[in-house]
Every structure is written in C-alpha cells, then in structure tokens.
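1. Build me a model from this:
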Amino acid sequence: MLAPILSIQSHVVYGHVGNSAAVFPLQRLGREVWPLMTVQFSSHAGYAGWRGRAFDAGMIDECVAGLQAIGVLPRCAGLLTGYLGKAEIGEAALRALANIRAANSEAVYACDPVIGDVGRGSYVAAGVGEFLRDRALPLAAIATPNAFELEWLTGERAGDLRAARAAIAALRGRGPRIVVAKSLMLNDTPKDALDMLAGDETGFWRLRAPKLPIAVNGAGDLFAALFLHHWLERRGTREALSRAASSVHAIVTATEAAGSLFAAEPV
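-> So this is what the prediction gives:
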C-alpha cells in the first residue's frame, strides 16, 4: 500500500459523500487511508428529513493522539480535509496537521474548502467559511474550491477565463501553492459542459468535461481525494488534474448507466 493519507471529513449512513466518497476509491488505487469523521449524518443534507450531528473537536484530538501514541504519524504522506461541521473541528484538524508535520515535514495538506454551491449558497455552520479562509487555507498546499467557494473566498467574480485566473491567483496569494477550481461555468463554457481550471506557480490548465444528465453529490469530494493521490504520485498539477477528472467522469458515467440511487443524490 502507498503511504497513508489522514482524511478528516464527513460520514453519511446513506449515500457516498465525504469519507464515503474518498476512502474506497483511494484504497482501490493502493493508497492507505485513515478516515476520521467530523460528522455522522443519516444522509447528505440535501435530503429532506436528514438527521445527525457533528462530533466534538476533542474526539479529533484524541484520535490523532492515539495515532501519535502508536508511532504511525511519520508514515503519513498527507492530510485531506473536507466538510467540517463546525469551526472548532477545523481547529482540531489544524492541530492534527501540526502533529503530522512534526513527524513528517514533507506531508502535504489538501484543503477542500466546503462552504456551499451555486444555487444553494452557503450551507455550513456559522464561522466555518471564515475559518477556512483565514486559518486553514494559509496552511494548505492544495485547495479545491468549487465555483461558489472560489468567489466566496476571494471576493472575486469568476465569470470568464481572465476573471477565473485572477480569482485563482488571489486564492494562491492566501497560501495554497496549487488551486483547482471545480464546476466552473464561464462565459464561453458550453451549456452541456463544465470547466475546471487549475493554477500553480508554473501556469494554468483548463479542462472541459461533458455535463452528464444526472445530479450527484460527492463528486467534488471524490475529485479532491483523487487529485491529492495523483499529485503525491506525479508531483504535477496538470497530470493530477487530468487523471482525477477523468476518473470522476468515468464514475459518474457508470452511475448514470447503472441508475444507482446511492451515487445519484438529490441537490
């Protein structure tokens, strides 16, 4: 197995988002994953009638202390964070990051700054967005916001390619070396497609994928996990973008063909 990733994000009983979307695909690629849950929900919160609760920050601290006690943190290649539930859980995730980096200075932090989405707005608890903007992203090497989150975090509109590049540059200015903006609908994006735009210190790469006729939750969580995995393997933004996006497209295509209710979540 490849060096492990500590994945601190949500868990749902029904469906595949958060760690349920990230862990199994990474394991199939030969990547060891240590899943640590921020919340336990009955389903994605897009379902009417969902139930569940966020865990407390102390539980995150205890689990990381346990990993430290058994001496495995030096093996950890990276930290991935997604849906946090509340800001204090994010602070615990940053304490985990400090412990990981003390054990392995080469460990990579990938922050998927889950805040909201176009059409729904922000759907996280008060203070989470500000925590991600002001505390988490300055420490991250990789950030994978969607279109709404890119604009929310930077205050920049991303309606065309030049503006999207400027927004990515602004977010990189806050700390992340690599920013990948997901689900962009720019002024020249066809109605039957979605764009991704990645930027690092060497330049920008745009990837366009066909928009499939199903709506899913969890695709962004899956992409963030796969991008981190491929970046760790290839150390190249362009290669990681291409491989991660291709895999997500193939999985969503297979989901559509299978008519699976477990991957096709309501939005």
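2. So which residues of the protein form helices?
-> 19-28, 57-69, 87-103, 128-131, 147-154, 161-172, 219-234, 237-258 (DSSP state H).
3. Give me the contacts around the fourth one.
-> In this structure, residues lying in contact with helix 128-131 by Cβ atoms under 8 Å, 6 or more residues apart in numbering are 84-87, 90-91, 113, 115-116, 122, 152-153. To be clear about C-beta, it is placed using only N, CA and C from the backbone, and glycine gets the same treatment.
4. Reformat the helices of the chain as a markdown table; add mean pLDDT, distance to residue 199 and mean neighbour count.
-> Written out in a markdown table, the entries for the helices of the chain read as follows (pLDDT from 0 to 100; distance: least, Cβ to Cβ, whole Å; neighbours: other Cβ atoms under 10 Å):
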| stretch | mean pLDDT | distance to residue 199 | mean neighbour count |
| --- | --- | --- | --- |
| helix 19-28 | 96 | 23 | 20 |
| helix 57-69 | 98 | 31 | 16 |
| helix 87-103 | 98 | 23 | 20 |
| helix 128-131 | 98 | 21 | 19 |
| helix 147-154 | 98 | 11 | 22 |
| helix 161-172 | 98 | 4 | 18 |
| helix 219-234 | 97 | 13 | 24 |
| helix 237-258 | 94 | 8 | 17 |
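5. which stretch among these comes nearest residue 203?
-> For the helices of the chain, proximity to residue 203 was assessed by Cβ to Cβ; helix 237-258 is nearest, at 8.7 Å.
6. chain center to that closest one, what's the gap?
-> 15 Å (Cα atoms, centre = their mean, to the nearest Å).
7. Then stretch 219-236?
-> Averaging C-alpha positions (Cα atoms, centre = their mean) puts stretch 219-236 9 Å from its chain's average.
8. Contacts only, for the residue minimising distance to the centre of the chain.
-> Within the chain, one residue has its C-alpha closest to the average C-alpha position: by Cα atoms, centre = their mean, that is residue 112, at 3.0 Å. For residue 112, the contacting residues are 9, 80-82, 143-145, 220-221, 224, taking Cβ under 8 Å, 6+ apart as the criterion.
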